[in-house]
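# can you look at this prediction? I've put the sequence above it.
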Amino acid sequence: MEIKNCLLTDLAEIQSLYEAARSLQIQREMVVWPVFENTFIKNEITENRQWKILQHNLIACNWAVTFEDKEIWGEKDRNDSIYIHRICTHPTLRGNRYIEKIVEWSKEYARQLGKRFVRLDTLGNNTKLIAHYASAGFNFLGIVKLTDTADLPAHYQKEPNCCRFEIDLQSFASR
């Protein structure tokens, strides 16, 4: 198992993972991701912000990172964080706790970039997902109502209740 940047040749596989995620979200009556345009994903790939866990030459899991997220984090966004978005696991590999590998990787990646926090968000009050992220080491900071969603993907306009999570690398290092 290895973590690498996604390549443009991964685009179809990433889109397939997103489609599988949307199917699961519909089935579980969760907030459903929109269809992300190829140009949006290609941009993340060329900026080295799309990542993947490879297992036996298969993308087992992928996610994107950003380095600012003002619409979601407001005043807390101070150029001191990496933000994880759209964690997506291959349907046949769900349940393998890839979140733990992502957390381990993201803490090291954030340290290398001189960042203090690893943050992520999810929409709605999904208690299972809240517990999942908390069990992987994220502190659940509560639910905030988003007000400035015009520049965010469509699912943020449909569900204003946003769960925010973070790992503070300074407090983690002092343990």
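Yep, that arrived. Numbers count the residues shown, from 1 in each chain.
# got the contact list for the closest residue to residue 67 other than its chain neighbours?
Closest residue to residue 67 apart from its sequence neighbours, by C-beta to C-beta, 6 or more residues apart in numbering: residue 82 at 6.3 Å. Yep, even glycine has a C-beta here, placed from its N, CA and C like the rest. By C-beta atoms under 8 Å, 6 or more residues apart in numbering, the contact set of residue 82 is 65, 66, 67, 106, 109, 110, 113, 115, 117, 118, 119.
# give me the residue at the spatial middle of this protein.
Closest to where the C-alpha atoms of the chain average out (C-alpha atoms, centre = their mean) is residue 85, at 2.4 Å.
# tell me which element it falls in.
Element membership for residue 85 (DSSP states H and E) is strand 81-89.
# helix or strand next in line after that strand, which one?
helix 98-112.
# roughly how far is that next one from the heart of the chain?
On the basis of C-alpha atoms, centre = their mean, to the nearest Å, helix 98-112 sits 12 Å off its chain's mean C-alpha point.
# same for the next helix or strand after that helix, what does it pack against?
Remark: after helix 98-112, the chain's next helix or strand is strand 117-123, criterion DSSP H and E. Other elements packing on strand 117-123 under the criterion 3 or more C-beta pairs under 8 Å, 6 or more residues apart in numbering; DSSP states H and E are strand 81-89, helix 98-112, helix 127-135, strand 161-168.
# so where's this protein uncertain?
Where the chain drops to pLDDT under 70, the residues are 172-175.
# scan it for its longest helix.
Criterion DSSP state H: the longest helix present in the chain is helix 11-27.
# what are the buried residues along that helix?
13, 14, 17, 18, 20, 21, 22 (16 or more other C-beta atoms under 10 Å).
# by contact count, what packs against it?
Under the contact rule (3+ C-beta pairs under 8 Å, 6+ apart), helix 11-27 is packed against helix 38-46, strand 58-66, strand 81-89.
# reformat those as TSV; add distance to residue 99.
Formatted as TSV, the helices and strands packed on helix 11-27 follow (distance: least, C-beta to C-beta, whole Å):
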stretch	distance to residue 99
helix 38-46	20
strand 58-66	9
strand 81-89	7
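# compare those and report which one is nearest to residue 142.
Taking C-beta to C-beta, strand 81-89 is the member of the helices and strands packed on helix 11-27 nearest to residue 142, at 17.0 Å.
# list the neighbouring strands of the closest one plus their orientation.
Strand 81-89 pairs in its sheet with strand 58-66 (antiparallel), strand 117-123 (parallel), by DSSP bridges.
# still on that earlier bit, of the helices and strands packed on helix 11-27, which is nearest residue 3?
Comparing those by C-beta to C-beta, strand 58-66 comes nearest, at 9.2 Å.
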